[in-house]
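Student: Prediction below, plus the sequence it came from.
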Amino acid sequence: MMILRHFPHGQKVSRKGDLQKFEKLVLLDNIDDYPLLTADDYFKSKTLHLLQYDASRDAFVWMKSNGPLSHLPWVGAEDYGEEYLWGVPEKVVVLYGEPGIGKTVLASQVSKMMKEMERKRWFFHVDLPHNVRKLTSETHAQDDHQLALLCGVNKEGLQFYWFQESVHRGTPFQVELISDGFDEIDDEKRRNIFKIVEYLAGTKVLKIFMLSRTVFKTLIQDTVGTVAFELLPFSEQCVIGFLEKYWAAKGVVDVSKQELHKIATETVRKYAEALANSKRPFDNPLLLRMIAELEQDSLSEGKSALRPQIPEENRNMFNIYRRFVDYKHKIYATERVNLPLDTATPATLHEAKQAREESDRKLRLLSVIVVFSKEWRDKLLTPDESNAIQPKGGLLSAVSESLLGCGLVDGEQNGIPLFIHKTFAELYAAQFLFRKIKDTKHDAHSITPLVFEMYIDRGYRQVMEFLDNFAAECNPVHSAIINGNDSYLRGIATEKSMADVDAFGRTVLHAAALHGYQETLNRFDVSDCLKRRDTFGATPFMYLDKFRDWHGLGHILCPIRGCEDCLE
């Protein structure tokens with residue numbers, strides 16, 4: 001009974017000695033019986049996960065597996081502080097989280113704490129997007145010179161000698177390494193990093209931390225063979241406290257502490273409600289900072305405190321980023337270019353509009369360098385665009401001299417523009433694709449076939465989500481589906497809106513198929529949408545077949561007559 005209470009209701013646990021067939025849950029009397037069980041006829045070619053009971057935590061914890069971890073059925077769910085990471089027995093520790101959750105900040109904190117813990121430890125914080133560019137295309141994992149390049153170690157002299165000795169002998173230093181930005185490198189470089197990690201796992205390196213976005217969790221777990229840790233967002237009370245302190249620090253003085261607490265609480269409630277079904281929680285550091293800055297205007301301008309400045313339909317990740325970019329451009333125009341937009345004349349507004357369009361054009365090109373691999377850049381860019389982003393080109397020179405960026409780009413490193421966060425680069429990359437598609441869709445050199453293939457590349461998932469939002473900008477129903485805003489969608493969806501199409505000619509079913517949406521639409525007749533093809537030549541069913549699980553929208557689509565013809 002003690003064992004059963006730790007598992008979902010209705011599960012059966014069998015003892016190894018009583019087995020007469022394959023069973024999903026088996027109780028071992030001795031941990032040494034695990035290899036015997038994997039060789040048993042009933043379990044050959046099966047993936048077996050070994051979980052061990054930890055009395056101090058009253059929970060089962062994962063020990064090892066003989067196959068992929070992506071379908072590990074149950075490992076328990078516990079919250080840990082950063083200090084727990086030091087005691088994890090595995091040499092390779094994987095941490096993942098959504099964009100803006102604070103992975104790089106955590107990497108910096110871990111790096112600082114490790115350096116302060118013990119002098120005999122040599123800690124390397126490897127920024128993969130920049131450091132892997134130093135490696136040759138024929139990188140061998142066992143090449144110590146390449147490892148030194150990756151870690152920023154001088155390849156000559158005593159430092160390199162100490163590095164080799166520490167990696168292979170564990171003396172005079174214990175080497176620990178944290179690799180940040182695994183999701184920001186291309187597939188070939190990811191394969192190289194996996195080889196390097198596999199090689200280092202067999203050396204005297206003490207610990208290897210890998211940080212990535214959630215989208216690569218399964219790939220890393222299955223390749224490295226360990227269970228990943230998820231970085232959790234802040235609690236509601238932490239978010240409220242952050243907003244209060246942020247606004248107070250920014251000089252919001254004409255509001256009492258009690259009223260400020262009420263405003264912060266209502267702001268959190270409104271956003272939490274709007275984003276309840278979103279794939280991206282709003283309570284992560286990056287989004288919180290943007291929300292705090294955007295909503296601060298309503299306090300300073302004396303607007304209704306209990307109604308956040310951003311309308312409900314715009315309280316999603318895409319519009320928060322868009323509005324924050326607008327906010328940054330407004331500050332830049334006012335403070336750097338001396339264009340007071342609040343009291344501007346028509347001529348000044350026209351000048352500001354032209355400056356903004358030119359700035360956006362340049363930022364779109366800079367984003368291409370950050371987001372897309374060279375292979376994709378060669379396919380997407382015109383010769384003039386390629387010349388503009390060359391290492392010695394005018395754009396990168398302007399960035400390095402802080403003459404471009406509008407507060408969104410902070411210099412460059414090794415020819416790579418340093419956006420204040422990669423997600424802003426992805427926003428501009430999506431805008432780049434959107435404008436290209438609109439400009440070339442009837443052209444023999446249309447990029448639509450290329451962009452269509454990007455939907456199955458998980459490295460571009462955030463870009464494609466932003467791209468779909470750009471296409472749905474004038475279609476509130478599509479936008480609500482893409483961003484999972486079901487409460488808003490229920491209030492605006494009508495029979496007539498089911499026939500609306502977005503800028504890519506997509507119906508609501510296209511949007512639902514692409515983004516796994518399963519609510520509300522089953523109230524309406526959507527049979528006319530089934531065979532409609534969008535700009536990419538795809539029907540909703542073709543998206544389900546190419547990108548999603550058929551079961552997701554089965555209860556919406558399968559009962560409709562004619563659906564069997566939609567894949568033709």
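Tutor: Yep, it's here.
Student: My guess is residue 209 contacts residue 177. True?
Tutor: Yes - between residue 209 and residue 177 there is a contact under CB atoms under 8 Å: 7.1 Å. All C-beta atoms are positioned from the backbone trio N, CA, C, and that covers glycine.
Student: what's the distance between stretch 495-509 and the middle of its chain?
Tutor: Stretch 495-509 has its C-alpha centroid displaced from the chain centroid by 27 Å (CA atoms, centre = their mean, to the nearest Å).
Student: how about the CA coordinates for it, as PDB?
Tutor: Output in PDB follows, covering the C-alpha atoms of stretch 495-509 (Å, rounded to 0.1, in the frame of the first residue of the first chain):
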ATOM      1  CA  GLU A 495     -20.500  31.800 -37.000                       C
ATOM      2  CA  LYS A 496     -19.500  34.600 -39.400                       C
ATOM      3  CA  SER A 497     -16.000  34.900 -37.900                       C
ATOM      4  CA  MET A 498     -15.400  31.200 -38.700                       C
ATOM      5  CA  ALA A 499     -15.200  32.200 -42.400                       C
ATOM      6  CA  ASP A 500     -12.500  34.900 -41.800                       C
ATOM      7  CA  VAL A 501      -9.000  34.400 -43.200                       C
ATOM      8  CA  ASP A 502      -5.700  35.900 -42.100                       C
ATOM      9  CA  ALA A 503      -3.000  37.500 -44.200                       C
ATOM     10  CA  PHE A 504      -1.800  34.000 -45.200                       C
ATOM     11  CA  GLY A 505      -5.300  32.900 -46.300                       C
ATOM     12  CA  ARG A 506      -5.700  30.700 -43.300                       C
ATOM     13  CA  THR A 507      -9.000  29.900 -41.700                       C
ATOM     14  CA  VAL A 508      -9.600  29.400 -37.900                       C
ATOM     15  CA  LEU A 509      -9.000  25.600 -38.500                       C
END
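Student: mean confidence score for that stretch?
Tutor: On average, the pLDDT along stretch 495-509 is 90.
Student: Could you do stretch 84-98 as well?
Tutor: Over the span of stretch 84-98, the pLDDT mean works out to 83.
Student: Quick check: residue 111 vs residue 98, distance?
Tutor: With distances taken as CB to CB, to the nearest Å, residue 111 is found 22 Å from residue 98.
Student: which of these two has more neighbours?
Tutor: Taking neighbours as other CB atoms under 10 Å, residue 111 and residue 98 compare with residue 98 leading, 22 against 17.
Student: Now do the phi/psi pair for the more buried one.
Tutor: Dihedral angles phi and psi of residue 98 (degrees, to the nearest 10) take the values phi -70, psi 160.
Student: pretty sure it contacts residue 214?
Tutor: Yes - with contact taken as CB under 8 Å, residue 98 and residue 214 are classed as touching, separated by 5.6 Å.
Student: can you pull out the strands in the stretch 401-550 of the chain?
Tutor: Taking DSSP state E, counting those that start in this stretch as the criterion, the stretch 401-550 of the chain contains strands spanning 409-413, 416-419.
Student: and the ones you listed as CSV, adding mean neighbour count, distance to residue 197 and mean pLDDT?
Tutor: What follows is the strands of the stretch 401-550 of the chain, written out as CSV (neighbours: other CB atoms under 10 Å; distance: least, CB to CB, whole Å; pLDDT from 0 to 100):
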stretch, mean neighbour count, distance to residue 197, mean pLDDT
strand 409-413, 16, 24, 86
strand 416-419, 21, 23, 90
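Student: Would you reformat those strands as CSV and include distance to residue 266?
Tutor: Output for the strands of the stretch 401-550 of the chain, formatted as CSV (distance: least, CB to CB, whole Å):
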stretch, distance to residue 266
strand 409-413, 33
strand 416-419, 32
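Student: Select, out of these, the one closest to residue 186.
Tutor: Proximity of the strands of the stretch 401-550 of the chain to residue 186 was assessed by CB to CB; the nearest stretch is strand 416-419, lying at 13.3 Å.
Student: quick one: contacts of the closest one?
Tutor: Judged by CB atoms under 8 Å, 6 or more residues apart in numbering, the contacts made with strand 416-419 from elsewhere in the structure are 129-130, 133, 366-367, 369-370, 396, 399, 405, 408-412, 425.
Student: For residue 470, state which of those is nearest.
Tutor: Top of the list for closeness to residue 470, among the contacts of strand 416-419 and by CB to CB, is residue 367 at 13.4 Å.
Student: On the pLDDT front, check that closest one for me.
Tutor: What the model reports as pLDDT for residue 367 is 96.
Student: quick one: contacts for it?
Tutor: Counting by CB under 8 Å, 6+ apart, residue 367 makes contact with 417, 419, 424-429, 432.
Student: Now flag whichever of those residues is closest to residue 80.
Tutor: Closest to residue 80 out of the contacts of residue 367 is residue 426 (29.6 Å), distances taken as CB to CB.
Student: and that closest one, how many residues sit next to it?
Tutor: For residue 426, the count of nearby residues is 24 (other CB under 10 Å).
Student: same deal with residue 377?
Tutor: 15.
Student: where's it relative to residue 499, distance?
Tutor: Spatial separation of residue 377 from residue 499 under the definition CB to CB is 38 Å.
Student: now swap in residue 443 and tell me
Tutor: According to CB to CB, residue 443 stands 28 Å off from residue 499.
Student: between those two, who's got more neighbours?
Tutor: Each of residue 443 and residue 499 has its neighbours counted (other CB under 10 Å); residue 499 has more, 15 against 10.
Student: ok, for the more buried one, nearest residue in space, not its chain neighbours?
Tutor: Taking CB to CB, 6 or more residues apart in numbering, and ignoring the residues beside it in sequence, residue 499 has residue 528 as its nearest neighbour in space, at 6.6 Å.
Student: roughly how far apart are that neighbour and residue 245?
Tutor: 52 Å.
Student: Over to residue 46: give its phi and psi.
Tutor: For residue 46, the backbone dihedrals are phi -100, psi 150 (criterion: degrees, to the nearest 10).
Student: Which pLDDT value belongs to it?
Tutor: The score at residue 46 is 76. That number is its pLDDT.
Student: The one 4 residues further on now?
Tutor: In the predicted model, residue 50 carries a pLDDT score of 86.
Student: Could you report the neighbour count for it?
Tutor: When neighbours are counted by other CB under 10 Å, residue 50 comes out with 18.
Student: before we move on, what about residue 209?
Tutor: 24.
Student: residue contacts, residue 494?
Tutor: Residue 494 sits next to residue 524 when contact means CB under 8 Å, 6+ apart.
Student: And it, how close does it get to residue 285?
Tutor: Here the criterion is CB to CB. By it, residue 494 lies 38 Å from residue 285.
Student: Check residue 469 too.
Tutor: The span separating residue 469 from residue 285 equals 22 Å under the rule CB to CB.
Student: higher neighbour count, the two?
Tutor: The neighbour count for residue 469 versus residue 285, taken as other CB under 10 Å, is higher for residue 469 (23 against 15).
Student: My guess is that one contacts residue 481. True?
Tutor: No - in this structure residue 469 lies outside contact range of residue 481 using CB under 8 Å: 10.8 Å.
Student: hey, which helix is longest across this protein?
Tutor: Among all segments of the chain classified by DSSP state H, the helix with the greatest residue count is helix 346-371.
Student: now it: how far from the chain's centre is it?
Tutor: Helix 346-371 sits 26 Å away from the centroid of its parent chain (CA atoms, centre = their mean).
Student: Name the next helix or strand following it along the chain.
Tutor: For helix 346-371, the succeeding helix or strand toward the C-terminus, using DSSP states H and E, is helix 374-380.
Student: Kindly export that next one (C-alpha atoms) in PDB.
Tutor: Listed in PDB are the C-alpha atoms of helix 374-380, where the atom choice follows Å, rounded to 0.1, in the frame of the first residue of the first chain:
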ATOM      1  CA  LYS A 374      24.200  30.400 -42.800                       C
ATOM      2  CA  GLU A 375      22.500  27.800 -45.000                       C
ATOM      3  CA  TRP A 376      19.100  29.500 -44.400                       C
ATOM      4  CA  ARG A 377      20.500  33.000 -44.800                       C
ATOM      5  CA  ASP A 378      21.900  32.000 -48.300                       C
ATOM      6  CA  LYS A 379      18.400  30.900 -49.300                       C
ATOM      7  CA  LEU A 380      16.500  33.800 -47.800                       C
END
